[in-house]
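# Provide a 3D model corresponding to the input given below.
(chains A and B)
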Amino acid sequence: MLPYALRRLVLALPLLLGITLISFCLMHLAPGEPTDMGSPDIPTTSDKEMRDRLRQEWGLDKPLHVQYWNWVTRIVQLDFGRSFSPDARPVLQKIRERLPITLLLNLVEMMIIVALAIPIGAVSATRQYSKFDKITTVFVFVGFATPDFWLALMLMILFGVQLGWLPISGLRSPTWEYLSFWRQQWDFFSHLILPIVVATFGGLASFSRYMRQSMLEVVRQDYIQSARAKGLAESVVIGKHALRNALLPIVTILGLSLPGLIGGSVIIESIFAIPGMGQLMVQAVWERDYPVMMGNLVIVSLLTLGANLVADLTYSLVDPRIRVAARRSRR
Amino acid sequence: MSRLGLRHLGWLLVLALGGCGGEADSAVDRATGQAAGKPAYGDTFIDALTGNISGLIPNVLTDSASFEVGSLIYSGLVTRDKDLNIVGELAESWEFSRNCLDLTFKLRRNVRWHDGRPFTADDVVFTYEAMMNPKTPTAYREDFRAVSTVEAVDPYTLHVRYAKPYAKALQSWATWILPRHVLETYVKEGRLREAPQNRSDPVGTGPYRFKEWKPGEKVVLVANPDYFEGRPYLSRIVYRIIPSQATIFLELKAQGIDSAGPAGLTALQFKRQAEFPAFRKAYNKYQYQDNVYTYLGFNLSDPRFADKRVRQAFAHAINKRELIEGVRLGLGREATGPYKPGTWAYNPNVRTYPYDMAKARELLAAAGWRTKNADGILVKDGQPFEFVLRTNQGNDERRKVAEIIQASLKDLGVKVDIQVIEWASFLKEYIKKRRFEAIILGWGIGLDPDQFEVWHSSKTGPDDLNRIGYANPEADEMLEKGRASCVEAERKKYYDRFQEILAEDEPIVFLYFRDALPVVSSRVRGIAPSPNGIRYNFNEWYVPRPLQRYTAG
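Numbering: from 1, shown residues only, chains lettered A, B, ... in the order given. Below is the predicted model:
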């Protein structure tokens, strides 16, 4: 198990390097440089002297491969550099202040999705074509078809404007500092409800579908048949024998959605005015803020690779056959 | 453009809407029946910004959100009053020598920085040094290039000497004055952007002090009790950063914010969605002519557009009234040139291009575009008249303008394809390389009529702003003379002539000036709409005690 994990880790290094190289090139292929943005309608006088100075300071005057090499040598010392945007702040600091809220939102969202999607998927599979299955199917199609931003606006109008139960946007009320401790907690929590509901809605639809599909395949297997033949109670057959096996593909999908945890959704963040990673990244792209883009990217790729590894390791934990196969192949 | 111009961008008032304008309803408070109420200290004003501010030292920034916040934290030597006259802010008075070369400021004596240190002429000298330091990444160095020396005669007298007369000399001293004792080392090292004061606790002399900035979330300012013109009434200003215009509107409806920000509402929200009794009761709506015009620009090195009859024909073929009705729901004004109607430099007596398709056809025919091919497109020397009209992404209004123009020109027999491109790519690949045929863009104009950078024939390089490649020797001369004088009456002559030349050449089709459409909570009083918009007297806004909503703090 351990050597396997180690081998995977070592293999991940060149992969990571390759990812950053390709993204670095892609990033520079996009026309426009951070030093010559200008505004579409405010005539700001362009100062060539200043632009040249900045290009030199940021190393943009060097050939691309030198720029990449410089970036790599800094990144291995964990120096992510400073943002090119006018605040000139360290990239890590910028990411650090955006990460917690995105992580929190996405973790809660993911937990809710898993907690709901697995039972929904399982039940609609075991009772295929029942009323419940049909209702959830309709729900799923609605979930797929509903655009995030539309649902968000509708919920904001209903709960924020008409009923006035929930805050519309942001993370805290403007009077937050003056609230008592528990009111502060509620205030923060109440701001998260709508974004989480919207984010969960779409994810729930697809996840419950995966679960249903996986479950449908499993219940047709011979070993389920034999479990029933053994005279086991249906709840044991489904709950123990079928569900466990049906979860396998779900583990992969879950693993792959781990990097998404820090990605953040631009649409949801913009509509609900949440200062998360999505907004940071989009802003960086617009401003051609290379250090922030690359910093973001390194973290996301690390997480993707890590998540893949974790998913594979979990696989072997969940499914003894893989462990055995791995051992055999080594012999 | 000068920073004063930027700061006031969007705040020029033309008219307040009848029935819901400013003070019309506030003489008697309808809810309580009390008299309007005396000015009172207190309450929090919650404003909305669509973009995150990028820092707290506006001298090195370029985004309007940072200017909005910065203008409450810092002061300049001069500012503009309600009628757009230049008046003293940190300066008590000033004197300009007759040859426009010597400018002497007398400074106020009772001014303290937010950290308690006194403000002196030395800080102004420092600010000048900071702006001129080649290591300072500022976009406003141009404003000070004409200065030869700046000298503190005594702590409260400042003498500025100009190498040559510079029209914007006085206005340029509206720049944010920075404290020497706080920022000197950063300026010397060329690290003004990296200064901690660009991130938190900036030190200014303005009416509000910095409280906190949560990036992407909010900026909080509190009233400065030592402000030299007296403590402002509103105790706390919270700028919430809300990127979506739709969300801002919902927050307004739920009364979560007190203003839709400097940008205000969209035309649709203003005209239709905000027209219901509850909204009109909770908010006062204002309508100004914004300092931005939208235009149809041509690449003048393209032989088809080099012929001014073609440009004039296009101008006649576009129904501006209908265009404004279509994309702005009527909330805008036809433009005849690059100056705003109602300002001193504006010349109403120039050639205009009323909507007239027959005239347009005539002009095109005179330019050689007579025959049409099988598709109904005009042909000259075997070449059909078709071109690509480009505009930047993220501005729906401009896309709509392009579509309307496309339809109008189709009637003329000109085929237009529309391309909407992300701004950075547009700038780099098309504008800088002059690889465009026609564009829909806008220009923000300053309060000073000097538009040398945009129209002078020496400014046609890839990084310059005369993007269409306009060159007219007489226009050049007027621009040069106009910026070299500090006497308004004299300058007016030059700019009047300049506008006549532009209107005759029609190097771009001036389409319209849009209206800014801000709304402010009706509990806020003291707003006096003027030619300078509403925010010029922000310090005097107040909420009568019984109407204050946020009592804590």
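
# Chain A contacts on the stretch 351-500 of chain B?
With Cβ under 8 Å from any Cβ of the partner chain as the criterion, the stretch 351-500 of chain B meets chain A at residues B:392, B:395, B:423-425, B:427-429, B:432, B:441-444, B:453-454, B:463-465. (C-beta placed from N, C-alpha, C; glycine too.)

# And for the residue of the stretch 201-350 of chain B found nearest chain A, the neighbour number?
Closest to chain A within the stretch 201-350 of chain B is residue B:216: 2.6 Å, counting by Cβ to the nearest Cβ. Using other Cβ atoms under 10 Å in any protein chain shown, residue B:216 has 23 neighbouring residues.

# So it: helix, strand or coil?
What DSSP: H, G, I helix; E, B strand; the rest coil gives for residue B:216 is coil.

# Helix or strand with the lowest mean pLDDT in chain B?
The helix or strand of chain B with the lowest confidence, counting by mean pLDDT, DSSP states H and E, is strand B:13-15 at a mean of 29.

# who's in contact with residue B:229?
Going by Cβ atoms under 8 Å, 6 or more residues apart in numbering or on different chains, residue B:229 touches B:207, B:539.

# Strands along the stretch 351-500 of chain B, start to end?
B:371-372, B:378-380, B:383-384, B:386-392, B:415-421, B:438-444 (DSSP state E, counting those that start in this stretch).

# Using TSV, lay out these together with mean pLDDT.
As requested, the strands of the stretch 351-500 of chain B are exported to TSV (pLDDT from 0 to 100):
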stretch	mean pLDDT
strand B:371-372	89
strand B:378-380	91
strand B:383-384	92
strand B:386-392	94
strand B:415-421	95
strand B:438-444	92
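
# So which of those is nearest residue B:201?
Distance to residue B:201, taken as Cβ to Cβ, is lowest for strand B:438-444 among these, at 30.7 Å.

# Shouldn't residue A:65 be within a helix?
Yes. Counting by three-state DSSP, residue A:65 falls inside a helix.

# Next to chain B, which bits of the stretch 101-250 of chain A? Give me the list.
So the stretch 101-250 of chain A meets chain B at A:153, A:156-157, A:160-161, A:164, A:167-172, A:174-175, A:177-178 (Cβ under 8 Å from any Cβ).

# where's residue B:59 relative to chain A, distance?
Computed as Cβ to the nearest Cβ, to the nearest Å, the residue B:59 to chain A distance reads 10 Å.

# OK, contacts around that residue?
B:3, B:127, B:130-131, B:136, B:138, B:140, B:175-176, B:178, B:192.

# quick one: the helices in the stretch 1-150 of chain A?
Here the stretch 1-150 of chain A has its helices, by DSSP state H, counting those that start in this stretch, at A:2-29, A:48-58, A:64-76, A:91-126, A:131-145, A:148-155.

# list the helices and strands the fifth one packs on?
By that I understand helix A:131-145. For helix A:131-145, the elements it packs on are helix A:91-126, helix A:181-219, judged by 3 or more Cβ pairs under 8 Å, 6 or more residues apart in numbering or on different chains; DSSP states H and E.

# so which of these comes closest to residue A:304?
helix A:91-126 (14.4 Å).

# Please name the nearest non-neighbouring residue to residue 167.
All of this refers to chain A. Once flanking residues are discounted, residue A:167 sits nearest to residue A:191: 5.1 Å by Cβ to Cβ, 6 or more residues apart in numbering or on different chains.

# if you could check chain B rather than the one you did, that'd help
Leaving aside its sequence neighbours, residue B:167 sits nearest to residue B:483 (Cβ to Cβ, 6+ apart; 4.6 Å).

# pretty sure the one you found is touching residue B:452, no?
Yes. Between residue B:483 and residue B:452 a contact is recorded at 5.5 Å, counting by Cβ atoms under 8 Å.

# Neighbour count for these two, which is higher?
For residue B:483 and residue B:452, the more surrounded residue by other Cβ under 10 Å is residue B:483, and the numbers stand at 22 against 19.

# ok, now how distant is that one from residue A:200?
60 Å (Cβ to Cβ, to the nearest Å).

# Let me see the residues that make contact with stretch B:386-404.
With Cβ under 8 Å, 6+ apart as the test, stretch B:386-404 has contacts from A:40, B:294, B:296, B:302, B:304, B:318, B:322-323, B:326-328, B:377, B:405-406, B:414-423, B:426, B:430, B:436-442, B:511, B:514.

# Report the buried residues of it.
Across stretch B:386-404, burial judged by 16 or more other Cβ atoms under 10 Å in any protein chain shown covers B:387, B:389-393, B:395, B:397-404.

# Equivalent analysis for stretch B:189-200, please.
For stretch B:189-200, by 16+ other Cβ under 10 Å, it's B:191-193, B:195, B:197-199.

# before we move on, what about stretch A:127-145?
Buried residues in stretch A:127-145, counted by 16+ other Cβ under 10 Å: A:133, A:136, A:139-140, A:143.

# now these in a markdown table, with pLDDT?
Formatted as a markdown table, the buried residues of stretch A:127-145 follow (pLDDT from 0 to 100):
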| residue | pLDDT |
| --- | --- |
| A:133 | 88 |
| A:136 | 87 |
| A:139 | 84 |
| A:140 | 83 |
| A:143 | 83 |
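
# if I look at residue A:31, how far off is residue B:426?
9 Å.

# Between those two, tell me which one has more neighbours.
Between residue A:31 and residue B:426, counting by other Cβ under 10 Å, residue B:426 is the more crowded of the two (23 against 17).

# For the more buried one, which non-adjacent residue is spatially closest?
Closest to residue B:426 by Cβ to Cβ, 6+ apart is residue B:392, at 5.3 Å.

# What's opposite the one you found in the beta bridge?
residue B:421 (DSSP bridges).

# Near the residue in the stretch 301-450 of chain B that chain A sits nearest to, how many other residues are there?
Closest residue of the stretch 301-450 of chain B to chain A, Cβ to the nearest Cβ: residue B:424 (3.1 Å). By the measure other Cβ under 10 Å, the count of residues near residue B:424 is 22.

# Just give the nearest non-adjacent residue to it, would you?
With Cβ to Cβ, 6+ apart, the residue lying closest to residue B:424 is residue A:32, at 3.1 Å.

# Thought residue B:428 was touching the one you found, still the case?
Yes. Residue A:32 lies in contact with residue B:428 (Cβ under 8 Å); the separation is 4.3 Å.

# thinking again about what came up before, drop anything exposed from the contacts of stretch B:386-404.
Buried, going by 16+ other Cβ under 10 Å: A:40, B:294, B:296, B:302, B:304, B:318, B:323, B:327-328, B:377, B:405, B:414-416, B:420-423, B:426, B:430, B:436-442, B:511, B:514, out of these.

# follow-up on the earlier one: name the nearest of the buried residues of stretch A:127-145 relative to residue B:56.
Among these, and counting by Cβ to Cβ, the member closest to residue B:56 is residue A:143, at 43.3 Å.

# Quick check: pLDDT value at the closest residue to residue B:488 other than its chain neighbours.
Take residue B:488 and drop its neighbours on the chain: the residue closest to it by Cβ to Cβ, 6+ apart is residue B:344, 6.7 Å away. Looking at residue B:344, its pLDDT is 88.

# you'd agree residue B:344 is in a helix?
No. Looking at residue B:344 with three-state DSSP, it is coil, so not inside a helix.

# Check the burial of it by counting its neighbours.
Neighbour number of residue B:344 under other Cβ under 10 Å is 13.

# Against residue A:293, how distant is it?
Taken as Cβ to Cβ, the span from residue B:344 to residue A:293 is 46 Å.

# repeat for residue B:54
16 Å.
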